[in-house]
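Give me coordinates for this.
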Amino acid sequence: MTRMSFIKANGLAALAGGILLVGCGRGGDTSSGGDATQGQGGGAKTILQNQGSDTMVNLAQAWAEKYNEVDPSVSIEVSGGGSGTGIASLINGTTDIANCSRAMKDIEKDKAKNNGGKIPKELIMGFDALAVYVHKDNPMNEITLEQLAQIYGKEGKVTKWSELGVTVPGGSDEIIRISRQSNSGTYAYFRETVLGDEGDFKLGSRDLHGSKDVVETVGSTVTAIGYSGMGYHEPDKVKMLKVAIKAGDKSYEPNVQNTLDKTYPIARPLFMYTLGEPEGKVKEYLDWCLGPEGQKLVVDNGYVANPTK
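Got it, this is the predicted structure:
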């Protein structure tokens, strides 16, 4: 990626020697990567831009806050918007690190290489079980991928809880489908895993912006069903269903062990991408995230640490 940087000096700040380096870079013309600004006391402060997955935004914020204690000269600015947004920003050179709850597509990697001259570097930061949520008062305890496809899929016929043998107390029989917006990596992963390569969502779902929004909406809508990362579980509002591939198969809870041994059918890696090999301050930060302190925060935020780290 070509580092976009310029020096802006004005008025008294210029006379006092205050310098601001603006832009996004992973090394570029410096060894640090990120944006350098003058910190308190005149010391240089590096700002790293980190954007993407809403599934990962709470974890990324926890990393950023803790790392600022480890290295006060580095500030990580975290924002969500979805995996697609993070990838687009990486391609365009406006973020140093893209958070993704799905893998980058080959076409996206090609765009990044053509635009910045470097192939994106993929890092697995941890793992997540994509949980299926229902209201805490819903008597259902397990579901199959086949049933989920019937509920969410374009060709699916299931629209009522009674068609699944379920009576939801205090609510209507209609299944309220809660989904994510199409720029979400969670949306893409659910479609690929549950609906298949050629499958698509049926119209009429409530498509929400963030992972937390899904859980909150299900928790306040007794007849709703939704999908989101297991790290967003609020047991006083919702419950996570056990999931089986098809009728007659054993169903599995979305938990750490079932994610690691891949028995839970909707488990996925959580990625970070940089444009080319990470360098300087970006590399130091990512190495820390993959180290003991960073991986402890993965677990503390309800996800599964990378067992190879």
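
now the strands: where do they sit in the stretch 201-309 of the chain?
Along the stretch 201-309 of the chain, the stretches classed as strands by DSSP state E, counting those that start in this stretch are 206-208, 224-229, 238-240, 242-244, 267-275, 304-305.

Which one of those strands lies nearest to I76?
Smallest distance to I76 across these (C-beta to C-beta): 11.6 Å, for strand 267-275. Any C-beta I mention is one placed from the backbone N, CA and C, and that applies to glycine too.

just checking, what packs against the closest one?
Other elements packing on strand 267-275 under the criterion 3 or more C-beta pairs under 8 Å, 6 or more residues apart in numbering; DSSP states H and E are helix 83-92, strand 97-100, strand 120-135, helix 280-289.

These: which one's closest to D236?
In terms of C-beta to C-beta, the element of the helices and strands packed on strand 267-275 nearest to D236 is strand 120-135, at 11.4 Å.

quick revisit: got TSV for the strands of the stretch 201-309 of the chain, with distance to E198 and mean neighbour count too?
Shown next, in TSV, are those (distance: least, C-beta to C-beta, whole Å; neighbours: other C-beta atoms under 10 Å):
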stretch	distance to E198	mean neighbour count
strand 206-208	21	17
strand 224-229	20	26
strand 238-240	28	22
strand 242-244	21	21
strand 267-275	20	24
strand 304-305	30	22
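
among those, which is nearest K160?
Taking the strands of the stretch 201-309 of the chain one by one with C-beta to C-beta, strand 224-229 is closest: 11.9 Å.

next one: the closest one to chain centre, how far?
15 Å (C-alpha atoms, centre = their mean, to the nearest Å).

coming back round to it: dump the helices and strands packed on strand 267-275 to CSV, plus mean pLDDT and mean neighbour count.
Below are the helices and strands packed on strand 267-275 laid out as CSV (pLDDT from 0 to 100; neighbours: other C-beta atoms under 10 Å):
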stretch, mean pLDDT, mean neighbour count
helix 83-92, 96, 25
strand 97-100, 98, 29
strand 120-135, 97, 23
helix 280-289, 98, 21
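
mind putting those in a markdown table, distance to M230 included?
Rendered in a markdown table, the data for those read as follows (distance: least, C-beta to C-beta, whole Å):
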| stretch | distance to M230 |
| --- | --- |
| helix 83-92 | 17 |
| strand 97-100 | 17 |
| strand 120-135 | 4 |
| helix 280-289 | 20 |
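
So which of these is nearest E253?
So among those, strand 120-135 is nearest, using C-beta to C-beta, at 8.4 Å.

Who does the next helix or strand after the closest one pair with, and is each partner parallel or antiparallel?
Scanning forward in sequence from strand 120-135 by DSSP states H and E, the next helix or strand is strand 142-144. Take DSSP bridges as the rule and strand 142-144 pairs in its sheet with strand 242-244 (parallel).
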